[in-house]
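In: based on what follows, work out the 3D shape:
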Amino acid sequence: MAEYACLKCKSTRVAHAQGKCSDMSSVNIGDKEHMGYLPSDLGIGGGDYFDFRYCLDCGTIQYVWPLPKTELETDEVDDDEEY
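Out: Predicted coordinates for the structure are as follows:
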């Protein structure tokens, strides 16, 4: 596997986390909460799956930041929708 360097500190100590959580995820942003499928607009996966890299030195999740406001923040989430 190719070596991956952190986007922030350039460390090569970058972990890749991935897995399946089915519809069992929970996300809180401020006082708003979502339970069910993982929203796809958080930069860490979506639906049944999470998939992200993070730096073991500085803790930064490897993605392009900042993200626009999420559906959860804008109250546009349909709790029955499958992501």
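In: so what's the most centrally placed residue in the chain closest to, chain neighbours aside?
Out: In the chain, the residue lying closest to the centroid (Cα atoms, centre = their mean) is Ile44, at 2.1 Å. Spatial nearest neighbour of Ile44, chain neighbours left out: Phe52 (4.4 Å); criterion: Cβ to Cβ, 6 or more residues apart in numbering. For glycine as for every other residue, the C-beta is placed from the backbone atoms N, C-alpha and C.
In: ok, Lys20 touching Tyr49?
Out: Yes. Shown here, Lys20 and Tyr49 form a contact pair, counting by Cβ atoms under 8 Å, at 5.6 Å.
In: ok, these two, which is more surrounded?
Out: Neighbour totals were compared for Lys20 and Tyr49, and Tyr49 leads with 17 against 12 (other Cβ atoms under 10 Å).
In: where does the more buried one land on pLDDT?
Out: Predicted confidence (pLDDT) for Tyr49: 97.
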